[in-house]
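> Build me a model:
(chains A and B)
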Amino acid sequence: MSTGILFVMSIVAGLIGAVTGTGGGVVLIPLLTSVGIDIKQAIAMSILSVIAISNSAASQYVRRHVPNLRVSAYLELFAVLGSLGGASLTMMSSRRPLFFLCGGIILVCGVVLWWRQKQSWQPGGDQDVLSKQLAFEGSYYDEVEKRTIAYRGRRALLGGSLMLGTGVISGWLGVGSSALTVLVHDLVIGLPPKVSLTTSNLTIGVMALAGACVYLEAGLIDSRLAVPVLLGASLGALMGSKLLLGLTNQAARAAFLGLLLVFGIEMVVHGIMSP
Amino acid sequence: MIKRAARKQWIARFDMEALVSAILRQGMVLSLGLISAGVALRYASDRTVGFEDHLRGTNVLQFLLADIHQVASPRFWPSAVAHVGIAVLLLIPYLRVLASMLYFVFVERSRVHALLTGLVLLTLTYILLIE
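Sure thing, here's the model as predicted:
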C-alpha cells in the first residue's frame, strides 16, 4: 500500500471526523480494510488517529473554558480501565467477528447521530448525592446565544458504569469512542451539548492512549502506517474545523449519515465474505 | 500573612484551561513537526517518504531507548525522529492528566478529584513507562 494513498485516506477520515464530531475511526477503519490492511492493524491506527484528532480539537475548545474538567476527571478513570480491557479483547478475538462488530457499532453511531439532531437540551432536575460530591456543575458563555448557561450534572454512578462499557468498545474496536462518549455526557450526565462534545474530546484522548499502549506492546503499530495516518488525520481535522464554519449542521450530518450507512454495511459484508 | 494573600491572588489568577490548551496545542505542533521532519529526512536520504520499520519495544520508554541506541548511525535518523514524534503524541494526554492532578491538588484542593486523576495517572504511568 502506497504511503500517498494512506495519507489521502487519513485526510478524508480526519476531515469527516472533525466536521461531524464523531472521530475519524468510523471512516478510517473501513477505508484501511478496503485496501487490504489487516483489521487489527486498522483498529490500532484508528486509536492512534483518535489521540491526534482529540488533542487538536480539545486544544481549541479548552481555551474557551467550555469543557468541565471535574466531569472529565471522574469519567476518565472508567474510560481508561475499559479501554485497557477492550484492547486486550482485540488481541484474543478472531478477525471475522471484528468486522461484524465494527460494522454494527458504525451503524449504531449513525442512529445516535440521527437521534441526537432531533433532541434539544433541557436543564435536568435535582442532583444525586454522588454527583453533588463530585461537584458536577459549571457554566460557560455561549457565543451563539450570547449568554452564560449554567448546568448541573446528574447520575454519576450510571455515567461511570456506561463509560466503562464505552471504553471497552473503543479499545476493542477502535470505533464509536466519540459518539458513545458524547452520548454518556449528554443523555446520562445531562450536560449541555457543547459541554458534552468538548468534555468528551478530553476523555477520548486519554481513553485512546490506554488502548494504543496495548497495541504498541502487541507490535500492531508500525511507522509504515502510523506516519501517513497521523499526518493525514491531523491535516484533515484541521481542514475539517475550518470547513465546519461554512457548513450547516444539517448538511454535514446528512452527508455523514449516508457515509456511515455505506461503511457500516460494507464492514458487515466484508465479515460475511472473509474466510 | 502576606504569603497567604499572595497565594490566594495567584490561585484566583491561575487559568487551568489555558495551561491544558497550551499542552495540547504545543504538544501537537511538536509531535507533527518531528514526524514531518522524519519524513523530510527520509526523502533527503533515499528519495522516498515511506517507512518500513516497526516500533521497537513494548512501551513508549523502551522504544524511545531503542531509537536512542541507533542514533549513532545516520541511516536510522529519519525513523528515529519520526518515532520521537509518535512518542510525543502519546505523551500529550499523559501530561494533560498530570497537569489536571496538580491543579486539583494545589489549586482547587479537591481530594476526590485529585485521587481520581491520580489513579488515572498511575494506570497510564504503568502502561506507558513500566509494563
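
> Show me what from the stretch 1-150 of chain A comes close to chain B.
Within the stretch 1-150 of chain A, the positions near chain B by C-beta under 8 Å from any C-beta of the partner chain are A:2-4, A:48, A:51-52, A:54-56, A:58-60, A:62-65, A:67, A:69-70, A:72-74, A:76-77, A:80-81, A:84, A:133-135. In this view, the C-beta of every residue, glycine as well, is placed from N, C-alpha and C.

> Apply 6 Å and report the result again.
A:3, A:51, A:55-56, A:58-59, A:62-63, A:65, A:70, A:73-74, A:76-77, A:80 (C-beta under 6 Å from any C-beta of the partner chain).

> In helices, which of the residues you listed appear?
Among the residues of the stretch 1-150 of chain A next to chain B, the ones falling in helices (DSSP state H) are A:3, A:51, A:55-56, A:58-59, A:62-63, A:70, A:73-74, A:76-77, A:80.

> Specify the local secondary structure of the closest residue to A:Leu235 other than its chain neighbours.
In space, and not counting its chain neighbours, A:Leu235 is closest to A:Ile11: 5.5 Å by C-beta to C-beta, 6 or more residues apart in numbering or on different chains. Put simply, A:Ile11 is helix when judged by DSSP: H, G, I helix; E, B strand; the rest coil.

> same deal with A:Tyr140?
Judged by three-state DSSP, the three-state class of A:Tyr140 is strand.

> so who does it touch?
By C-beta atoms under 6 Å, 6 or more residues apart in numbering or on different chains, the contact set of A:Tyr140 is A:Val66.

> Ignoring the adjacent residues along the chain, who's closest to residue 103?
I went with chain A, as the question did not name one. Closest residue to A:Gly103 apart from its sequence neighbours, by C-beta to C-beta, 6+ apart: A:Met267 at 3.2 Å.

> you looked at the wrong chain, it should be chain B
In space, B:Tyr103 is closest to B:Met16, 4.8 Å off (C-beta to C-beta, 6+ apart).

> Give me the distance between the one you found and B:Ile23.
Separation of B:Met16 from B:Ile23 (C-beta to C-beta, to the nearest Å) stands at 11 Å.

> Looking at these two now, which is surrounded by more residues?
Neighbour count, other C-beta atoms under 10 Å in any protein chain shown: between B:Met16 and B:Ile23, B:Ile23 has more, with 23 against 17.

> Need the phi and psi values for A:Arg147.
Main-chain dihedrals, A:Arg147, degrees, to the nearest 10: phi -160, psi 160.

> which residues does it bridge with?
A:Arg147 has these beta-bridge partners by DSSP bridges: A:Asp142.

> What is the most widely separated pair among the ones in helices among the residues of the stretch 1-150 of chain A next to chain B?
Greatest spacing in these, by C-beta to C-beta: A:Thr3 and A:Arg70 (42.4 Å).

> Which residues of chain B lie near chain A?
Residues of chain B lying near chain A (C-beta under 6 Å from any C-beta): B:17, B:20-21, B:24-25, B:28, B:32, B:35, B:49-55, B:58, B:79, B:82, B:86, B:89, B:92-93, B:113, B:116-117, B:119-120, B:123, B:127-128.

> Weed out the non-buried ones from those.
The neighbour-count test (16 or more other C-beta atoms under 10 Å in any protein chain shown) marks B:17, B:20-21, B:24-25, B:28, B:32, B:35, B:49-51, B:55, B:79, B:82, B:86, B:89, B:92-93, B:113, B:116-117, B:119-120, B:123, B:127-128 as buried among the residues of chain B next to chain A.

> and these, which of them are in helices?
Among those, DSSP H puts B:17, B:20-21, B:24-25, B:28, B:32, B:35, B:79, B:82, B:86, B:89, B:92-93, B:113, B:116-117, B:119-120, B:123 in helices.

> what ranges of chain B fall below the confidence cut-off?
Residues of chain B meeting the criterion pLDDT under 70: B:1-2, B:11-12, B:53-57, B:131.

> For the host helix or strand of A:Ile29, buried residues please.
Assigned by DSSP states H and E, A:Ile29 belongs to helix A:25-34. Using 16+ other C-beta under 10 Å as the test for burial, helix A:25-34 gives A:25-33.

> Just give me the residue closest to the centre of chain B.
B:Leu91 (2.7 Å; C-alpha atoms, centre = their mean).
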